[in-house]
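>>> below is the structure, and that's it, no one-letter string:
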Ligand code: SAH
């Protein structure tokens with residue numbers, strides 16, 4: 001029998017796919033069922049059918065799974081951002097543990113026995129809601145012409161009004177309501193993607209969880225030149241393509257600005273209000289230019305080092321402080337980030353004498369964690385602004401043994417290797433990369449290499465250079481266990497390395513993504 005679109009079918013969910021959809025079988029067909037969790041029996045409507053499988057969406061839960069919980073957010077089905085919200089938190093952790101394990105077995109080719117020997121239980125969170133320190137709300141207009149802020153429905157670009165995403169902090173709602181009310185009162189328009197008209201595109205809110213400091217950045221469809229020809233003139237003399245921040249409270253960016261700032265500044269913790277110019281017709285949220293219109297240009301936050309070898313992961317007393325501007329990258333779940341970085345630090349096994357590379361280092365967070373226990377750390381990152389932040393963060397924390405390089409890991413590392421290896425042979429001096437020759441010899445064969453690449457994983461040239469450098473330990477921090485598995489296969493294939501420890505960290509509760517830290521040791 002063949003299903004037709006719009007048929008309804010009763011199906012029991014036996015498994016869950018990596019995107020969080022329920023998987024069940026009916027009449028020899030595999031069904032991928034949206035909004036169903038493992039253990040449910042649901043009535044589902046077919047939305048798309050193929051030869052041997054079909055996609056369906058839940059119409060009615062006939063028998064709820066023992067693992068089903070009442071989703072806290074009334075918008076969770078429409079939004080699609082929290083694919084696992086109807087699943088109990090314990091079961092969410094199990095789903096993620098299995099996802100990592102299965103990818104390592106299926107894609108990485110590791111044996112279940114080997115994985116089970118070194119895989120530690122996933123690190124869960126005590127705060128599975130309201131854990132995000134950053135929110136980016138699109139602003140738009142509803143059918144009746146009212147300005148709204150909310151989220152994009154499913155995979156569309158139509159905005160559903162909701163100022164209280166349960167993953168974000170409670171202050172978001174208060175801030176958004178102030179801005180929306182101000183817009184209504186002053187007849188300020190919301191941006192319209194279809195026409196490119198309208199002023200307010202997005203509201204970006206960030207909160208330092210330890211400092212309590214809050215930053216609001218209004219993304220406006222306006223050019224720097226519209227408001228301040230002098231600033232723009234000065235800007236032309238500099239590098240036009242690099243991101244840029246100004247501080248000016250004298251300029252009027254938005255009608256009734258003074259009143260808006262007065263109200264925003266009354267929100268507890270408010271430290272910084274800025275404007276970002278973005279006139280591009282793209283999905284990219286932030287433009288390159290930021291003007292601080294009230295308070296300081298950045299907020300600060302602190303990350304504590306935790307002891308991951310003890311239960312409950314107690315804080316050790318060591319901590320690092322970071323300055324976060326609207327444009328800088330910073331992990332969104334600060335509570336779990338402490339655990340992830342501390343795990344990477346524990347896996348690195350540092351005693352104070354080691355040389356370490358930290359590839360894909362962002363603003364240097366992991367590098368600075370490591371530097372406190374190493375002889376020397378070199379960070380590599382593709383985004384120049386992030387490297388500027390990394391150097392500033394090193395200074396801010398009084399760290400002198402970390403050096404940072406701008407470039408692609410797959411280019412910087414092989415170039416360094418070729419250059420330093422040549423120097424080792426000829427004893428010649430003159431590498432452009434590291435200053436003293438002794439450093440470069442140390443960094444040629446480092447004790448540890450840490451990588452934390454984006455979802456697509458490491459480039460082959462980067463993996464090849466890592467193998468040539470023969471570190472004692474490789475610590476792989478990954479936000480996608482499929483590409484992690486692919487890369488670990490390359491690193492372990494020649495028998496040079498084996499997995500020693502491995503552990504998931506739940507950074508994105510209610511969603512399907514999971515972070516993993518892996519320790520590889522030289523055999
Ligand atoms: N370790 C950091 C950042 C991890 S995110 C942290 O925890 O904060 C991955 C980083 O890799 C991003 O900052 C991204 O800009 C950078 N990146 C992406 N491709 C890269 C490449 N080919 N070489 C070096 N860095 C890259």
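Cool, the structure landed. Just so we're clear, the structure is a prediction, and the values are computed from it rather than from any experiment.

>>> and the residue of the stretch 351-500 of the chain nearest the ligand?
The nearest approach of the stretch 351-500 of the chain to the ligand comes at residue 362, 2.8 Å away (C-beta to the nearest ligand atom). The way it works is simple: take the backbone N, C-alpha and C, and place the C-beta from them, glycine included.

>>> I'd say that residue and residue 452 touch.
Yes - between residue 362 and residue 452 there is a contact under C-beta atoms under 8 Å: 7.5 Å.

>>> so what's the residue nearest the centre of the chain up against?
In the chain, the C-alpha nearest the mean C-alpha coordinate belongs to residue 331, at 5.3 Å (C-alpha atoms, centre = their mean). Residues near residue 331 by C-beta atoms under 8 Å, 6 or more residues apart in numbering: 337, 340, 365, 507.

>>> ranking those residues by neighbours, who comes first?
Using other C-beta atoms under 10 Å as the neighbour criterion, residue 340 leads these with 27 neighbours.

>>> okay, that one: pLDDT?
At residue 340, the pLDDT value in this model is 98.

>>> which other helices and strands contact the helix or strand encompassing it?
Assigned by DSSP states H and E, residue 340 belongs to helix 334-348. For helix 334-348, the elements it packs on are strand 119-123, strand 299-306, helix 365-371, strand 448-451, strand 473-478, strand 497-505, strand 515-522, judged by 3 or more C-beta pairs under 8 Å, 6 or more residues apart in numbering; DSSP states H and E.

>>> so how far is the next helix-or-strand element following that helix from its chain's centroid?
Following helix 334-348 in sequence order, the next helix or strand is strand 355-359 (DSSP H and E). When C-alpha coordinates are averaged (C-alpha atoms, centre = their mean, to the nearest Å), strand 355-359 and its chain have centres 21 Å apart.

>>> quick one: contacts for residue 386?
By C-beta under 8 Å, 6+ apart, the contact list for residue 386 reads 328, 329, 361, 362, 363, 364.

>>> how about a cut-off of 7 Å?
Contacts for residue 386 (C-beta atoms under 7 Å, 6 or more residues apart in numbering) come out as 328, 329, 362, 363.

>>> do you know how far the third one is from residue 454?
From residue 362 over to residue 454 the distance is 10 Å, taken as C-beta to C-beta, to the nearest Å.

>>> same check, this time on the first one
Look at residue 328 and residue 454: by C-beta to C-beta, they are 16 Å apart.

>>> more neighbours: which of these two?
A count of neighbours by other C-beta under 10 Å puts residue 328 above the other of residue 328 and residue 454, at 21 against 13.

>>> could you find the closest non-adjacent residue to the more buried one?
residue 389 (5.1 Å; C-beta to C-beta, 6 or more residues apart in numbering).

>>> check what pLDDT residue 247 gets.
According to the prediction, residue 247 has pLDDT 58.

>>> can you check residue 243 too?
54.

>>> phi, psi of residue 26?
phi -150, psi 130 (degrees, to the nearest 10).

>>> quick check: bridge partners of it?
Residue 26 has these beta-bridge partners by DSSP bridges: residue 29.

>>> look up how far the ligand lies from it.
Going from residue 26 to the ligand by C-beta to the nearest ligand atom, to the nearest Å gives 41 Å.

>>> that residue and residue 33, how far apart?
Residue 26 is 10 Å from residue 33, by C-beta to C-beta.

>>> out of these two, which sits in the busier spot?
Under the neighbour definition other C-beta under 10 Å, residue 26 and residue 33 were set side by side, and residue 33 has more, 27 against 18.

>>> in contact with that one, which residues?
Residues in contact with residue 33 (C-beta under 7 Å, 6+ apart) are 11, 13, 21, 22, 24, 42, 44, 56, 57, 58.

>>> same list (those) but as CSV, adding secondary structure, distance to residue 105 and neighbour count.
Formatted as CSV, the contacts of residue 33 follow (DSSP: H, G, I helix; E, B strand; the rest coil; distance: C-beta to C-beta, whole Å; neighbours: other C-beta atoms under 10 Å):
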residue, secondary structure, distance to residue 105, neighbour count
11, strand, 27, 25
13, strand, 22, 24
21, coil, 21, 21
22, strand, 22, 28
24, strand, 23, 23
42, strand, 29, 27
44, strand, 29, 30
56, strand, 28, 30
57, strand, 30, 17
58, strand, 30, 21
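
>>> ok, which of those residues also contact the ligand?
With the criterion set as C-beta under 6 Å from any ligand atom, no member of those is near the ligand.

>>> show me how the record splits this protein into domains.
The chain is divided into the following domains under automatic domain parsing: 8-87, 90-122, 134-297, 301-458+516-522.

>>> which among the contacts of residue 33 gets closest to residue 259?
For the contacts of residue 33, the closest approach to residue 259 (C-beta to C-beta) belongs to residue 57, at 45.6 Å.
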